[in-house]
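*Asks:* structure of the sequence below:
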Amino acid sequence: MNNFLPILYSGFWDVPRIFLVEYSNNIFLFDCKFDEIIDDYPNEYKVYLIPEYCRNDLKIAWDYFLNNSPDSIGKVLVAEVEFDETKRKFINGKVLKNLFIK
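*Replies:* Alright, predicted model coming up:
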């Protein structure tokens with residue numbers, strides 16, 4: 001699992017619905033909130049870059065996201081995120097590489 005990165009998640013329905021991952025000295029938040037209109041989870045995550053001042057304290061990072069309305073830096077299909085076999089510990093880092101290549 002040399003391309004896999006550890007995640008910290010909150011909320012799970014088939015897969016983590018919101019999680020933090022560190023990549024290239026940055027922390028990214030993937031968010032897939034339940035959509036009341038379609039009465040289901042959407043098929044994509046919105047991806048956010050957590051500000052530098054939050055990086056040393058993940059509680060601050062969660063609070064930053066919950067208390068602000070940061071702009072998404074991109075979207076990733078849930079199906080494009082490769083999780084470990086438990087779907088709770090790691091993701092394949094290639095999804096982040098691909099986010100910046102597009």
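
*Asks:* tell me the buried residues in stretch 56-70?
*Replies:* Ala61, Trp62, Tyr64, Phe65 (16 or more other Cβ atoms under 10 Å). Glycine gets a C-beta too; all of them are placed from N, C-alpha and C.

*Asks:* confirm the third one sits in a strand?
*Replies:* Which is Tyr64. No - the assignment for Tyr64 (DSSP: H, G, I helix; E, B strand; the rest coil) gives helix, which keeps it out of a strand.

*Asks:* which parts of this protein are helices?
*Replies:* 58-67, 94-101 (DSSP state H).

*Asks:* what's next to the longest one, contact-wise?
*Replies:* Outside helix 58-67, the residues that touch it by Cβ atoms under 8 Å, 6 or more residues apart in numbering are 8, 10, 20, 27, 29, 31, 48, 50-51, 53-55, 70.

*Asks:* which helix or strand in this structure has the lowest average pLDDT?
*Replies:* For the chain, counting by mean pLDDT, DSSP states H and E, helix 58-67 ranks last in confidence among helices and strands (a mean of 75).
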